[in-house]
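Novice: I'd like to go over a predicted model; first the sequence, then the structure.
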Amino acid sequence: MDMQVSFLDRLFDAGLLIETGVDGLYGRSGQFEDVIAAFERLIDKVGGGDGAEAMRFPPGMNRAFFETSGYMKSFPQLAGTVHSFCGNELDHMSLLKCMEVGEEDWTKGQEATDIVLTPAACYPLYPTVARRGSLPAGGGLFDLQSYCFRHEPSRDPARQQLFRMREYVCMGTESHVTDFRQLWMDRGVEMMKSLGLDVTIDIANDPFFGRAGKMLVNNQRDQNLKFELLIPITSVAKPTACMSFNYHQDSFGLKWGLNLEDGSVAHTACVGFGLERIALALFHTHGLDVKEWPGSVRATLWG
Amino acid sequence: MNETIRELLTRVGGLPVAVTELEDGADLYAAGLSSFASVQLMLGLEEAFDIEFPDSLLNRKSFASIAAIEQTVSHILKAREAA
C-alpha cells in the first residue's frame, strides 16, 4: 500500500498527474499525454494495416443501450449515471437553500438524464453496428477509444475512475474472432517487450458483483474467456492488467442482434489497451523523466 | 427434487426449448442456458431448498444438467445433515 501511495505522490510531485482532491480523478501533464499519444501511434502502426473502421464516441452513452447491455446485472457497483437538475424556479430556490445550509444532500433532487458514463469504449459500438443490418461476409473490425468511468475510488494510480481505453473489436465466426484475440495477445507481448516492459499473460475475470458474481467469475475462468497482459506497476507480486483480451462468445451477438451474412449469430471479441496504465508502467519501469528512458524505448515511441 | 428443479428451470432458465423435453442428463448450456440464467437458477435453488452454495460449487459443472443440479443440491443437503 505504501508503495502505491508513494508512486502516486511521486507522479504528483513530478507534475505528471495533477491532483483534484478526488481519488482516482486526475489531470494529466503534457508530458504524460505525449507518452499516451506516442503509444497510440504504436498501436496504429501495429494494427493499422488490418483495416479496422475507426469510431470515436464521447465518454457518455445512451442510457437505453446501457440498460440493454446488462451492465447493471454484473457491475452495479462500478456504474456512473449522469443526473441533472430538472425542476422549476421554485425547485431552484429550494436547491440553493439546501446547498447553502448544507444539512441535506442537494443532489437528492437531481434526475437521471438519458446519458450514462461509458464503462468500456466498445459499449456504444454494438447497437450502432446492429442498426446497420447483417455484417458483411468478412465480419467486422472496429477501432475505438474513449474515456471510461468506473466507480472505484483508490489511491492506486493504476486504478483511476476516469481513464482511457483503446480497443479493437472483432465480429465474425468463432474461429475468426478467437484468431483475432490470439493475434493481439502475441502482438501485445511483442509491443510491450519493444518498450522494455516486463510482461506476463494470464487468465483473468471481470469484477462481477456479489455472490452471484462468484459464479460468473468461475464460468468466465473455466471457459478461458478473458486474458490479461500484466505489467508490474505498483507491485511485482500483483502486476497490473494493462491489456485485456476478451472473447464474448455469441452473447453480444444475441443481445444486440448482430448477425453474419448467412443469418447466423456473430461471435465477438475485443482487445483493450489501458492507456493510462501503459503510460504508468513506462514511467514506473524507466523513470519519471522521459529524457532518461532507454534509447530503444524512445526510438520505438518517438523514432 | 427433480420436479422442483424443472419448475425453476422453466421459470428462470430462459431456454428456447421446453424443459419437459429435456432428459435429465441433457447439457443445459447446449440447450441455451446463459451464464446469467444459471446465476438466477442458483439463487432460486438456494431459496427452494433453503441451502447456500459454497464457492467451490459455484461453477458451470454444478449446473451442467438437471442430473448434475440434483447431485449438487443433494451433496449440499447431505453436507448440512452431517454438520
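Specialist: Good, I have the coordinates. Since the structure is predicted, the reported quantities are computational estimates derived from the model, not experimental observations.
Novice: stretch A:46-66: which residues count as buried?
Specialist: A:47, A:52, A:55, A:57, A:59-62, A:65-66 (16 or more other C-beta atoms under 10 Å in any protein chain shown). (Each C-beta comes from the backbone N, C-alpha and C, glycine too.)
Novice: mind checking which of the residues you listed are in strands?
Specialist: When these are checked against strands (DSSP state E), the matches are A:55, A:60-62.
Novice: wait, which of the residues you listed is closest to A:Glu104?
Specialist: Of all those, A:Glu104 sits closest to A:Gly60, with 27.6 Å by C-beta to C-beta.
Novice: for the closest one, give me its contacts.
Specialist: Taking C-beta atoms under 8 Å, 6 or more residues apart in numbering or on different chains as the contact definition, A:Gly60 lies against A:82, A:115-118.
Novice: dig out what it forms beta bridges with.
Specialist: Note on A:Gly60: beta-bridge partners by DSSP bridges are A:Leu117.
Novice: any idea how far it lies from chain B?
Specialist: Taking C-beta to the nearest C-beta, to the nearest Å as the measure, A:Gly60 falls 25 Å from chain B.
Novice: ok, and the closest non-adjacent residue to residue 28?
Specialist: All of this refers to chain A. A:Leu17 (6.4 Å; C-beta to C-beta, 6 or more residues apart in numbering or on different chains).
Novice: not what I meant, chain B
Specialist: B:Ser65 (5.8 Å).
Novice: how near is that neighbour to B:Leu22?
Specialist: B:Ser65 sits 8 Å away from B:Leu22, taking C-beta to C-beta, to the nearest Å as the criterion.
Novice: overlap of the contact sets of these two?
Specialist: Between them, B:Ser65 and B:Leu22 share the contacting residues B:Leu28, judged by C-beta under 8 Å, 6+ apart.
Novice: tell me the residue of the stretch 1-150 of chain A that sits nearest chain B?
Specialist: For the stretch 1-150 of chain A, the residue closest to chain B is A:Lys73, as judged by C-beta to the nearest C-beta, at 5.9 Å.
Novice: so what's the residue count around the residue nearest to that residue when sequence neighbours are not counted?
Specialist: In space, and not counting its chain neighbours, A:Lys73 is closest to B:Phe36: 5.9 Å by C-beta to C-beta, 6+ apart. By the measure other C-beta atoms under 10 Å in any protein chain shown, the count of residues near B:Phe36 is 18.
Novice: distance check, B:Phe36 against B:Val12.
Specialist: The gap separating B:Phe36 from B:Val12 is 10 Å, by C-beta to C-beta.
Novice: for chain B, which residue occupies the most central location?
Specialist: Nearest to the geometric centre of chain B sits B:Ile69, at 4.0 Å (C-alpha atoms, centre = their mean).
Novice: so what's that one up against?
Specialist: By C-beta under 8 Å, 6+ apart, B:Ile69 lies in contact with B:5, B:41, B:45, B:62-63.
Novice: in helices, which of those residues fall?
Specialist: B:5, B:41, B:45 (DSSP state H).
Novice: looks like the second one contacts B:Phe63 (just checking).
Specialist: Yes: in this structure, B:Leu41 is within contact of B:Phe63 by C-beta atoms under 8 Å, at 6.2 Å.
Novice: which one of the two has more residues nearby?
Specialist: Just comparing B:Leu41 and B:Phe63: by other C-beta under 10 Å the higher neighbour count belongs to B:Phe63, 28 against 23.
Novice: can you name the next helix or strand after the one helix or strand A:Ser244 maps to?
Specialist: Assessed by DSSP states H and E, A:Ser244 sits inside strand A:240-247. Counting by DSSP H and E, the next helix or strand C-terminal to strand A:240-247 is helix A:251-256.
Novice: just want the angle from the very next helix or strand once past that next one to strand A:240-247.
Specialist: Once the chain leaves helix A:251-256, the next helix or strand it forms, by DSSP H and E, is strand A:267-274. Angle between the axes of strand A:267-274 and strand A:240-247 is 170 degrees (criterion: axes from the mean of the first three to the mean of the last three C-alpha atoms, to 10 degrees).
Novice: what is the helix or strand that strand A:267-274 is followed by packed up against?
Specialist: Remark: after strand A:267-274, the chain's next helix or strand is helix A:275-286, criterion DSSP H and E. Packing partners of helix A:275-286 (3 or more C-beta pairs under 8 Å, 6 or more residues apart in numbering or on different chains; DSSP states H and E): helix A:2-13, helix A:30-47, strand A:162-172, strand A:226-231, strand A:240-247.
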